[in-house]
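A.B. asks: Next come a sequence and a model predicted from it.
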Amino acid sequence: MTIIALLIAAGGAIVIQNLIMAQISAASSTPIIAMALNSVVGVSLLLALLAFRSGTAGISELTAAFGWRSLVPGLLGTFFVFASLIGYQRLGAGTTISVLVTSQLIGGLVADAIRTGGARIDAATLAGAVMLGVGTVLVAMRA
């Protein structure tokens, strides 16, 4: 499977995930229920895979890697899932995905520009980003 195919599959999977989580959230008193279920399943799967792959050495490495900095990705990921869930419920999947993808592209271009001193940013890249931004505005206008 190429990396592009993997990313396409992940993009489709996230739509299905968020649609199901929106249903769970709507049937619950708070979106936190859907988010907690999502996290419990994810953590359980990852711990099982780590234990299967590396045994107790993997679990030891995991606990040794834990520190304040290791909390940031989890907090940011939880925020992303929360924002996605609220977006799906209030704006719909299309608008939510469009805004998220555009904001990720802008953030990614800024990160690439910082990391490479602007070497990866050219006119075609900027034109594509502008077109995506215009498309997002058009999609969001119907929300």
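C.D. replies: Ah, there it is. Numbers count the residues shown, from 1 in each chain.

A.B. asks: low-confidence ranges in the protein?
C.D. replies: Judged by pLDDT under 70, the chain has its weakly predicted residues at 1, 143.

A.B. asks: ok, and for the longest helix seen in it, which residues are buried?
C.D. replies: With DSSP state H applied, the helix covering the greatest number of residues in the chain is identified as helix 31-65. Neighbour-count burial for helix 31-65, counted by 16 or more other CB atoms under 10 Å, picks out 31, 34, 35, 38. All C-beta spots, glycine's among them, are computed from the backbone N, C-alpha and C.

A.B. asks: Could you dump those into TSV with distance to residue 25 added?
C.D. replies: Compiled in TSV, these are given as follows (distance: CB to CB, whole Å):
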residue	distance to residue 25
31	4
34	4
35	8
38	10
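
A.B. asks: Which member of these is positioned nearest residue 79?
C.D. replies: Distance to residue 79 across those (CB to CB) is lowest for residue 35, with 10.3 Å.

A.B. asks: Skipping adjacent residues, who's closest to that closest one in space?
C.D. replies: Taking CB to CB, 6 or more residues apart in numbering, and ignoring the residues beside it in sequence, residue 35 has residue 81 as its nearest neighbour in space, at 5.8 Å.
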